[in-house]
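> build the 3D model from these lines:
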Amino acid sequence: MAHDQKNGKVEKVVYVGDSRVRKTVKNNVPPDYSAYPGKSEAFIPNFLLKEWMVAVVFLVGVLCLVISEPAPLGYPADPKNTAFIPMPDWYFLFMYQLLKYPYTSENYVILGTLVIPGLMFGGLLLAPFLDTGKERRFYRRPIASSLALLTLIACVYLTVTSWHHYQEELKASGTIPEHIKREEEMKEKKAAGQPAGGGTSAPKAAGIVAADDPAAEIYKKATCISCHGGDLKGVPSSGFPALRGVGDKHDKNQIMDIIKNGQGKMAAQYNDNIAKGLTDDDMNKLADWLAKQKKAE
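Coordinates of the predicted model:
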């Protein structure tokens, strides 16, 4: 407030603000885009809230799958297990299959491991910068839509083909996947009232009976050693059982019959051993020695 004297009169002047400064009015209410369907909407909170809702639904779905289908667990890694068929996780199957083709492997492995994946992921990163059109409908973006559809079809085809080849390999080799075999073993142990695994210690393996017997030297010359090992422990994960304790399951005549006629994945070995220089008497002693391999009472 101030006083202004003019023409002998006193006039009271009250300042309520500087009229030269314009008042800025902020409208925090987002504009209504209902009059422009399909054109645009407020990013915060409208668009972002929709994205969050979709992400939450997707995350809940993934959590349900994780809970309902536990991760498969095989045996500990064994470099001696030549029957093991390696298989990557499902989301890498298309790359795994790609590396099986002649133009992406061996002399062209750089093409399959660096060039093609680099172009795919590089194109995905550059897509927002290359496709700058304002049109959002896919049928009006022929180039981007065609590339996306082609990539999707290629990934699905390679994934399905890779899984089909894996199943064919299992059938051809008669191999049971480790996680299935291990699950069946756990069920059998539970049914028998035995601990299925965990903190309990494994039972002590049977030792070699009559290790100084002359037949032990015959065993080292026989074809048995290539699969069952010099220590008679075999490779169970590859389908080659241990021969320690084999006398508890088979007698001498049964063992000789297996040697002559084979059993399961094991082919007949009698003629092969004769061809290696062993005699009928050697094979008889070998069968007798294997029948002595029993677990200690």
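
> okay, strands next: where are they in the stretch 151-297 of the chain?
With DSSP state E, counting those that start in this stretch as the criterion, the stretch 151-297 of the chain has no strands.

> just for the chain, where's the confidence low?
1-41, 196-206, 237, 296-297 (pLDDT under 70).

> now the helices: where do they sit in it?
With DSSP state H, the ranges of helices along the chain come out as 48-68, 93-98, 109-110, 116-130, 142-173, 178-191, 214-221, 225-228, 252-261, 270-275, 280-291.

> which other helices and strands does the shortest one contact?
Contact here means 3 or more C-beta pairs under 8 Å, 6 or more residues apart in numbering; DSSP states H and E; on that basis helix 109-110 packs against no helix or strand. (Each C-beta comes from the backbone N, C-alpha and C, glycine too.)

> list the contacts of that helix.
For helix 109-110, the surrounding residues in contact (C-beta atoms under 8 Å, 6 or more residues apart in numbering) are L99.

> out of the helices of the chain, which gets nearest to P241?
helix 225-228 (7.6 Å; C-beta to C-beta).

> may I see the buried residues of that closest one?
C227, H228 (16 or more other C-beta atoms under 10 Å).

> do the same with stretch 248-261
H250, K252, I255, M256, I258, I259.

> how close does the fourth one get to A222?
Using C-beta to C-beta, to the nearest Å, we find M256 at a distance of 13 Å from A222.

> with the last one instead?
I259 sits at a distance of 9 Å from A222 (criterion: C-beta to C-beta).

> same check on the third one?
Using C-beta to C-beta, we find I255 at a distance of 12 Å from A222.

> now do D231
15 Å.

> which one of those two is surrounded by more residues?
A222 (20 against 13; other C-beta atoms under 10 Å).

> just checking, D272 touches K221?
No - the criterion here is C-beta atoms under 8 Å, and D272 misses it with K221 at 11.7 Å.

> what do those two both touch?
Contacts common to D272 and K221, judged by C-beta under 8 Å, 6+ apart, are absent.

> that older thread, what is in contact with I255 and A222 at once?
With C-beta under 8 Å, 6+ apart, I255 and A222 have no common neighbours.

> coming back round to it: now do the shared contacts for I259 and A222.
Common neighbours of I259 and A222 (C-beta under 8 Å, 6+ apart) are Q269, N273, L286.
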